[in-house]
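In: Here's my sequence, what's the structure:
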Amino acid sequence: MSRICDILQALSNLTKRGFASLLNIVLGDTKMKVGRLNVITGIISSVLILQCWFAGQAVGAQAPASKPAVEPKAASPQAPAQPQAAAEPNGPSPKIVFEQTIHDFGPVAPGSLNPCKFKFKNKGAGILKISDITKTCGCTVFELVKREYAPGEEGTIDVGYNADKASGPRTRHLYVLSNDKDNPRVELTIKASIAQKIVYDPEKLDYTLKGENAGVVVLTLHSVDDQNFAITAFNATGNAVSADFDPNQKAAKFVLKTKMDPQKTGVNSSGRVEITTTHPECPTITIPFSVLARFKVDPPAINILNAEVNKSVERELWLLNNYSEDFEIASATSKEGVIKVLSQEKIGNRCKFGLAIVPPPTQNPTRMFTDTLTITTKDGEKIEVACRGFYQRQ
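Out: Model (predicted):
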């Protein structure tokens, strides 16, 4: 502030002296032109304006001096900003309590719908909010009337379990998600033992192409409760297996002569048989089947990883006769020309092939190539071997 005052005083003295000197010059020289007088007048005016401006700045600078500026206070460390969810950590909390978390149905019939209830109560002081219920299997359905429960209020989750068709023990789970901070995820367990009211023997139909009972398996069905039933349908994968039956006949036991059609099965063929009955607690019976093919290929498929274009990869392939028959190879051909047969050696009831797989150029965005090797025996049997290759990433 003292610096500003010194500047103002100096300007004042300069103005007084300059004005007196200029006035003497003007009065002493009568020949001075009017233009020079105008210039001098302009200089004096400028100096006066500057003097007034500095005076205004001095006054403005002194005004706040009598009242010091208030320093802003730092935020209190005891009250940091917090998210809304954590604003009431000590507020009333809900508490979900189930009467039981495990329900065991015991023995149930295949394909049956089995209902049960899981009862719970909000034993906390806050409102209980159930946000979601998840399940581990599509065979389980549930129903919840509402999602919010006041303190002391009770609720029920209605559950229905659709039993599998195959026999054996089963365990399924439901998960109840809520705002109970001590137990936000409650696991509910459903147990059942699927018991066939109709038992069958054998449990799997294994067919052979050679031998005394080639293509035939005798199947026995028996109701464990000795209740009479009828067989109304017999279906198999690819219609490869069939059986004769009378849909009008009822009995507690049936003996079926099942037959496999080799013309409708492939190499290492497998599938399932589904039998429909009139038994009230066993409407369907599902039985797996398989066919021991004449030939077995090892490996069953050719897979090439990190393939490079036109870079040959060699593999061995074995063809085995499952019935210890002698056989001869008529040809081995590649569908796409990717697989080349380098060698062929017969060893007993087996044949070893030396193969070269040459990955072709490709613009396929999947970076993959395929081919099929078809081996034909002299008696007309055809065995197909799939080949897949995956190109090396660039």
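In: from here on, contacts and neighbour counts on C-alpha atoms
Out: Fine.
In: Next one: the residue lying closest to residue 341 once chain neighbours are set aside, what pLDDT does it get?
Out: If you skip the residues right next to it in sequence, residue 341 has residue 355 as its closest partner in space, 4.7 Å away by CA to CA, 6 or more residues apart in numbering. On pLDDT, residue 355 comes in at 97.
In: do residue 199 as well
Out: Value for residue 199, per-residue pLDDT: 91.
In: Now it. Nearest residue, chain neighbours left out?
Out: Residue 199 sits nearest to residue 222 (CA to CA, 6+ apart), 5.4 Å away.
In: Confirm that neighbour sits in a strand?
Out: Yes. Per DSSP: H, G, I helix; E, B strand; the rest coil, residue 222 lies within a strand segment.
In: is it in a bridge, and if so with what?
Out: Counting by DSSP bridges, residue 222 forms beta bridges with residue 199, residue 253.
In: Report how many residues lie close to it.
Out: Applying other CA atoms under 10 Å, we find 20 other residues in the vicinity of residue 222.
In: next one: residue 345
Out: By other CA under 10 Å, 12 other residues sit near residue 345.
In: For the helix or strand encompassing it, list the C-alpha coordinates in CSV.
Out: Element membership for residue 345 (DSSP states H and E) is strand 339-347. The C-alpha atoms that make up strand 339-347 are tabulated as CSV, following Å, rounded to 0.1, in the frame of the first residue of the first chain:
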residue,chain,number,x,y,z
ILE,A,339,-5.5,-86.8,-47.1
LYS,A,340,-2.9,-88.9,-48.9
VAL,A,341,-2.4,-92.6,-48.2
LEU,A,342,1.3,-93.1,-48.0
SER,A,343,1.3,-96.8,-46.9
GLN,A,344,-1.1,-99.7,-46.1
GLU,A,345,-0.1,-102.8,-44.0
LYS,A,346,-2.3,-105.7,-43.1
ILE,A,347,-1.6,-107.3,-39.7
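In: Would you mark the buried spots in the one helix or strand residue 372 maps to?
Out: Under the criterion of DSSP H and E, residue 372 resides in strand 368-377. Using 16 or more other CA atoms under 10 Å as the test for burial, strand 368-377 gives 368, 369, 370, 371, 372, 373, 374, 375, 376.
In: where in the protein is pLDDT low?
Out: Low-confidence segments of the chain (pLDDT under 70): 1-90, 266-268, 365.
In: can you rerun that using 80?
Out: Low-confidence segments of the chain, defined by pLDDT under 80: 1-91, 138-139, 165-167, 265-268, 363-366, 394.
In: domains of it?
Out: Per the record, the chain has its domains at 2-59, 96-194, 198-292, 295-391, by automatic domain parsing.
In: Who are the contact partners of the residue nearest to residue 165 when sequence neighbours are not counted?
Out: Closest residue to residue 165 apart from its sequence neighbours, by CA to CA, 6+ apart: residue 110 at 4.5 Å. Taking CA atoms under 8 Å, 6 or more residues apart in numbering, we find residue 110 in contact with 163, 164, 165, 166, 167, 194, 195, 196, 281, 282, 283, 284.
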